[in-house]
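[1] Need a 3D model of the sequence below.
(one chain, ligands or ions: 2)
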Amino acid sequence: MDRPVALTIAGSDPSGGAGIQADLKTFHQLGAYGTAVITALTAQNTQGVTGVHVVPAAFVAEQLETLLADVGIDAVKLGMLATAEIAETVGRFLAAEPLASAYSVLDPVMVATSGDRLVDEDATDAIRELLPLASVITPNVPEAAVLLGVEPAVDVPGLRVQAERLRSELGAQRVLLKGGHLGGEQAVDVWADEDGVREFTDERVDTKNTHGTGCTLSSALAALRPQLSDWPGTARITKFWLTSALTNGDRLEIGHGHGPVDHFTELNDTRGTQP
Ligand SMILES: Nc1ncnc2c1ncn2[C@@H]1O[C@H](COP(=O)(O)OP(=O)(O)O)[C@@H](O)[C@H]1O
Ligand SMILES: Cc1ncc(COP(=O)(O)O)c(N)n1
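    Ligands and ions are numbered 1, 2, ... in the order given. A predicted model of the protein is given here:
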């Protein structure tokens, strides 16, 4: 399969670094044909979110029904699911054909890099119900803590414990627990699946341009998985590509806050990656 069709179900970020806009750029850059169902409009720039306008859940369902009646989807990425009702609606589609047979990546988005809340607090339970339905989930440190109802991890051993608990206690099939928020010399992500727990490590890039890194990572996984042979290999390649995209972020000057990564980064661009 050389041109898979990827779907993002997520919110809009007018500044183009996160959400639907980041997902479509990532899909295109990594060789997938991009399709999109929008769950919410945000008023957002590189400095913060000033407003959220939620799409009614029934219209999220109508977008999905109309799209899926016509277009075959190989991989789906789920991002900002703004309300409990939207999360439940999307869950019904994820549990049924045709999406149940697609590769699926759930990024349990809750709060933007700027600290602004993107998802209603009472949507957490509905998002927790979605965890077993996705092929892989990609929480960051605060999101893993909220989902588990524990304090955030402060080091890599703590990440390993929480990644495994998301699988064994909350039923996730595979977990990529992102360690970007831990700080330190290296950016360590922890992978947990039925074969055990492993770490994906890369050099930390010294940059403030981290807006949309989580969105970009999850959409890259969805774009690449149909083109590669297994999930852990896809996760490793995706992380190396993201490090290069973070490094290349200095080629852009977008906004005055946390700028975006450079999605226009070749898959074999090894700037910033360890040999
Ligand atoms: N400065 C950085 N250098 C290299 N990798 C980073 C950096 N910041 C984040 N990452 C990586 O980007 C991805 C997303 O990071 P994280 O900040 O944990 O999630 P989110 O963007 O969802 O808050 C992870 O793979 C993480 O390791
Ligand atoms: C519409 C939308 N969705 C998600 C994010 C999270 O972004 P990040 O990848 O920085 O966590 C965002 N800022 N805006």
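
[2] mind listing the helices for this structure?
    19-29, 57-68, 84-95, 124-130, 141-148, 156-168, 213-224, 231-247 (DSSP state H).

[3] Please name whichever of those helices is nearest to V49.
    helix 19-29 (10.5 Å; C-beta to C-beta). C-beta here means a position set from N, CA and C on the backbone, and glycine is covered the same way.

[4] residues contacting A192?
    By C-beta atoms under 8 Å, 6 or more residues apart in numbering, the contact list for A192 reads R160, A163, E164, L166, R167, R174, V175, L177.

[5] The first one against R198, yeah?
    No - using C-beta atoms under 8 Å as the test, R160 is too far from R198 to be in contact (9.1 Å).

[6] Find the residues that touch each one of these two.
    With C-beta under 8 Å, 6+ apart as the test, R160 and R198 both reach V190.

[7] When those two are compared, which one has more neighbours?
    Comparing R160 with R198 by neighbour count (other C-beta atoms under 10 Å), the higher total belongs to R160, at 20 against 16.

[8] gap between the more buried one and ligand 1?
    14 Å (C-beta to the nearest ligand atom, to the nearest Å).

[9] related to what we said a few turns ago, can I get the helices of the chain in CSV including distance to G257 and mean pLDDT?
    Shown next, in CSV, are the helices of the chain (distance: least, C-beta to C-beta, whole Å; pLDDT from 0 to 100):
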stretch, distance to G257, mean pLDDT
helix 19-29, 15, 98
helix 57-68, 29, 98
helix 84-95, 27, 98
helix 124-130, 26, 96
helix 141-148, 19, 96
helix 156-168, 27, 98
helix 213-224, 14, 98
helix 231-247, 16, 96
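
[10] what's the burial count for the residue in the stretch 101-250 of the chain positioned nearest to ligand 2?
    Distances between the stretch 101-250 of the chain and ligand 2 by C-beta to the nearest ligand atom are smallest at G214, namely 3.2 Å. Neighbour count for G214, taken as other C-beta under 10 Å: 24.
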